[in-house]
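Visitor: below is the sequence, then the predicted model.
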Amino acid sequence: MQDARHRTQDERGAMLPEITICVKGGGDIASGVAWRLHHCGFRVLITEIPKPMAVRRKVAFCEAVYDGHTEVEGVEALLITEANDSRQVWDQGKIPLIVDPECETAKMIQPDVIVDAILAKKNIGTEINDAPLVIALGPGFEAGKDAHSVVETNRGHYLGRLLTEGSAEPNTGVPGPVAGISTDRVLRSPGMGIWQSKAEIGDVVRKGGMVGSVDGQPVNALINGVLRGMIRPGIPVKEGLKIGDIDPRGVKEYCYTISEKALAISGGVLEGIMRFVG
């Protein structure tokens, strides 16, 4: 038998039933999920809102909403306007993405699995009967009620764990620590207005240095590090909105690769699907 490590993606996909998975959301965590499921041979479709505001834009498939296509670690997503176009994109070995905030597309393609990866910290419209298998990420969902299973998204010992009963840990409102730094690594809007950036993702920034501004109000770095993520310039923001992320580890390559958190969560989703398939 051919070594599994040397099988093509098409050959690996043929080993599994033709399972269609709808991932709601195209931010960095959702993209990590979609990326892993795509590599496992599943047919993945992403739904998004008209103006997504991902911070980690270099690893977020939602950027296809603006550019028509985007690539994350060798996997390309293409923007489509009709659900029926999904098949053609799958045949190209790519991920279709459609602007569909209400996930009406699911009614047309009837996916086997829906993954709510919006990470809104609450349930904004997913129901357990939306698909044969519904998996939700993070707080706001109860396994067995809102979804068949829930994946823990809070950093720590239980990150990525698949829950078949109960709920994920509640939102703390405090960013998880990276290299021991939590709140200070996040850039937030000082007020309401239009965000304009002065730096670029991947730039080295210094504590006190200006990264951008909101209607003339400066946004300064609170720590030294690499600017790992930042929302698109020209977007209206409100006070306190997360607009950027500084990585104190200072490794530029991390800006362009899926995070350990996203990979852990995607592993929990994959486990849930494989239990379903089995």
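Guide: Thanks, I have the structure now.
Visitor: any weak-confidence spans in this protein?
Guide: Counting by pLDDT under 70, the low-confidence segments of the chain come to 1-17.
Visitor: and the helices in it?
Guide: 9-14, 28-39, 64-67, 86-91, 105-109, 260-277 (DSSP state H).
Visitor: okay, the ones you listed, which one's buried deepest?
Guide: With neighbours taken as mean count of other C-beta atoms under 10 Å, the helices of the chain reach their highest mean count in helix 28-39, at a mean of 26. Any C-beta I mention is one placed from the backbone N, CA and C, and that applies to glycine too.
Visitor: between helix 260-277 and that helix, find me the angle.
Guide: Using axes from the mean of the first three to the mean of the last three C-alpha atoms, to 10 degrees, the interaxial angle of helix 28-39 with respect to helix 260-277 works out to 50 degrees.
Visitor: which secondary structure elements does helix 28-39 contact?
Guide: Using 3 or more C-beta pairs under 8 Å, 6 or more residues apart in numbering; DSSP states H and E as the contact criterion, the secondary-structure elements in contact with helix 28-39 are strand 20-24, strand 43-48, strand 75-80, strand 133-137, helix 260-277.
Visitor: can you tell me which residues contact the nearest residue to Val251 once chain neighbours are set aside?
Guide: Leaving out its chain neighbours, the residue that sits closest to Val251 by C-beta to C-beta, 6 or more residues apart in numbering is Val226, at 6.7 Å. With contact set as C-beta atoms under 8 Å, 6 or more residues apart in numbering, Val226 has these partners: 202-205, 246-247, 249-252, 254-255.
Visitor: same question for Ile19.
Guide: For Ile19, the contacting residues are 42-43, 112-113, 273, 277, by C-beta under 8 Å, 6+ apart.
Visitor: pipe those into TSV and attach distance to Gly267 per row.
Guide: Written out in TSV, the entries for the contacts of Ile19 read as follows (distance: C-beta to C-beta, whole Å):
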residue	distance to Gly267
Phe42	14
Arg43	20
Asp112	19
Val113	15
Ile273	11
Val277	15
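Visitor: what's the closest of these to Asp184?
Guide: Compare each of those with Asp184 using C-beta to C-beta and the shortest gap goes to Ile273, at 37.1 Å.
Visitor: I'd assumed Leu37 was in contact with that closest one.
Guide: Yes - counting by C-beta atoms under 8 Å, Ile273 touches Leu37, with 7.4 Å between them.
Visitor: now list whatever residues contact both of the two.
Guide: Counting by C-beta under 8 Å, 6+ apart, the shared contacts of Ile273 and Leu37 are Ile21.
Visitor: and the residue nearest to Val251, bridged to which residues?
Guide: Val204, Asp247 (DSSP bridges).
Visitor: how much space separates it from Asp116?
Guide: Distance check for Val226 against Asp116: by C-beta to C-beta, to the nearest Å, it reads 31 Å.
Visitor: which one among the contacts of Val226 gets closest to Val99?
Guide: Closest to Val99 out of the contacts of Val226 is Cys255 (25.7 Å), distances taken as C-beta to C-beta.
Visitor: show the contacting residues for that closest one.
Guide: Cys255 neighbours (C-beta under 8 Å, 6+ apart): 56, 58-59, 201-202, 226-229, 247.
Visitor: quick check: it vs Pro236, distance?
Guide: Summarising the geometry, the distance separating Cys255 from Pro236, computed by C-beta to C-beta, is 25 Å.
Visitor: what do you get for Pro50?
Guide: Plainly put, Pro50 is 13 Å away from Pro236 if you go by C-beta to C-beta.
Visitor: what about the two, which has more around it?
Guide: More crowded of Pro50 and Pro236, by other C-beta atoms under 10 Å: Pro236, with 14 against 8.
Visitor: name the nearest residue to the more buried one, ignoring sequence neighbours.
Guide: Leaving aside its sequence neighbours, Pro236 is closest to Ile194 (5.8 Å, by C-beta to C-beta, 6+ apart).
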